[in-house]
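1. one predicted model, sequence on top.
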Amino acid sequence: MQCKQFKKCGACRFQLDEYERQLAYKQNALNNLLSPFGKVNNIIPMENPFNYRNKVQSAFYFDRKRNKTVSGVYQSNSKSITPIDFCALDDKKADEIILNIRKLADDFKLKPYDIRNKTGFLRHILIRKGFKTGEFMVVIVSATPVFPARNNFVKALLSKHPEITTIVHNINPSETNLMLGEQSKTLYGKGYIEDILCGCRFRISPASFYQVNPVQTEILYNTAIEYAELTGKEAVFDAYCGTGTIGIIASKKSKQVLGVELNEKAVKDAISNAKQNNIDNIYFIEADATELINDLAKQKEHFDVVFLDPPRAGASKEFLSSLLKLKPKKIVYVSCNPKTLARDLKTLTKAYRVNKIQGVDMFPFTEHVECVVNMSKE
Ligand code: SAH
């Protein structure tokens, strides 16, 4: 199967009939970068590598020639939108909901926002799905606050899609590339959805960070937890913890967990996630991970295991040097960028031995690959 919009959309690096070739490519990239540090296991593929995305977003414009509203994705580095009806990576139901919103927008005369003339209303639709709970959130992003015929629109959408559990109206008048604005109003339901990962329940708000491939995320997190070899006695540090997922799953098998995260909203979600799962041995600090680990190292705090899951840029030099001073018995590095991982391993292997390196294919058909590394003190 080949994707028609492959070239124009630009999100995928491989065509849809190239899964094997893609795995070989990713394995080769991991081997080249990481084999100097230890044996690289075979990448864990996705059993059914389609329709895995639990988060789908679409931009809207009005096609004057066809006299109707169209939706799709922004071409990279461009303001033009490639129309897309279905994407082989998206949750199928999410794509269906977006198609129906397009039709409803025309029925209700909700004009898409025109960025050049600054007219119109509808900018984006964001759909998020709780993979295990089956809950659906629809976020309608508009440029202006007044939502014409709002209640009837909501009613019509719900009657077409009773699986939707919450609808949020987000207002984004800014000219930035950010999809969501500051202001949100819940039009239906709780304003968030929940999902279950590794036996824990997590709240997903419109702007929360949550991995987009829940099937492979469970494999990734299980690998990270297995690598930590927790017995229930450990003091654990979860750096770059996001909404607390890894730390919360680990807390069930550790004595105590401390999580650090820079994003204020993610920390709030992390705290409520811990409460929701009745976990009382985890603490979260909103701070820069480097500043916090510097303090922890100065105060000679003791940790048995450190998880780190930094953004694509990897960890800072200073973070790594404080991590070496902290001297945990084990380090479990979860990385979404093997290049910065290799750079950081160079520093860490001054005092740590790399035991295992495991790639997980979290983003089939795109060029991205996730990796978990198990390290112990020399
Ligand atoms: N472990 C989480 C999140 C990983 S994404 C999960 O699996 O879901 C990386 C996280 O690092 C993001 O939540 C981002 O907000 C956070 N982050 C980025 N820079 C940071 C910094 N300097 N200090 C602390 N957290 C940071």
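-> Yep, that arrived.
2. how about the contacts made by the closest residue to the ligand within the chain?
-> As assessed by CB to the nearest ligand atom, the ligand sits closest to G242 within the chain, at 2.7 Å. Placement of C-beta: from N, CA and C, glycine included. Residues in contact with G242 (CB atoms under 8 Å, 6 or more residues apart in numbering) are 209, 261, 263, 266, 270, 309.
3. did I read that right, it in a strand?
-> No: counting by DSSP: H, G, I helix; E, B strand; the rest coil, G242 is not part of a strand but coil.
4. pretty sure K68 contacts L104?
-> No: the pair K68 and L104 does not pass the contact test of CB atoms under 8 Å, sitting 11.9 Å apart.
5. of the two, who's got more company?
-> L104 (16 against 12; other CB atoms under 10 Å).
6. quick one: the more buried one and F153 touch, right?
-> Yes: look at L104 against F153 with CB under 8 Å: they come within range, at 6.5 Å.
7. which residues are in contact with both of those two?
-> Residues touching both L104 and F153 (CB under 8 Å, 6+ apart) are L110.
8. now the residue lying farthest from the centre of the chain: how far from Q216?
-> Distance from the C-alpha centroid of the chain, by CA atoms, centre = their mean, peaks at K65 (36.6 Å). For K65, the distance to Q216 equals 40 Å [CB to CB, to the nearest Å].
9. tell me the residues of this structure that contact the ligand?
-> 209, 211, 240-242, 245-246, 260-263, 266, 288-289, 309-311 (CB under 6 Å from any ligand atom).
10. so which of the residues you listed are in strands?
-> Counting by DSSP state E, the part of the residues of the chain next to the ligand found in strands is 260-261.
11. write a ChimeraX command that selects only the buried members of the residues of the chain next to the ligand.
-> The buried residues among the residues of the chain next to the ligand can be selected in ChimeraX (16 or more other CB atoms under 10 Å) with this line:
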select :211,240,241,242,245,246,260,261,262,263,266,289,309,310
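12. low-confidence ranges, the stretch 51-200 of the chain, go.
-> 76-77 (pLDDT under 70).
13. tell me where it has helices.
-> Listed in chain order, the helices of the stretch 51-200 of the chain (DSSP state H, counting those that start in this stretch) span residues 92-107, 150-160.
14. what's the longest one packed up against?
-> Pointing back at helix 92-107 there. Under the contact criterion of 3 or more CB pairs under 8 Å, 6 or more residues apart in numbering; DSSP states H and E, helix 92-107 touches strand 55-63, strand 68-74, strand 122-129, strand 136-142, helix 150-160.
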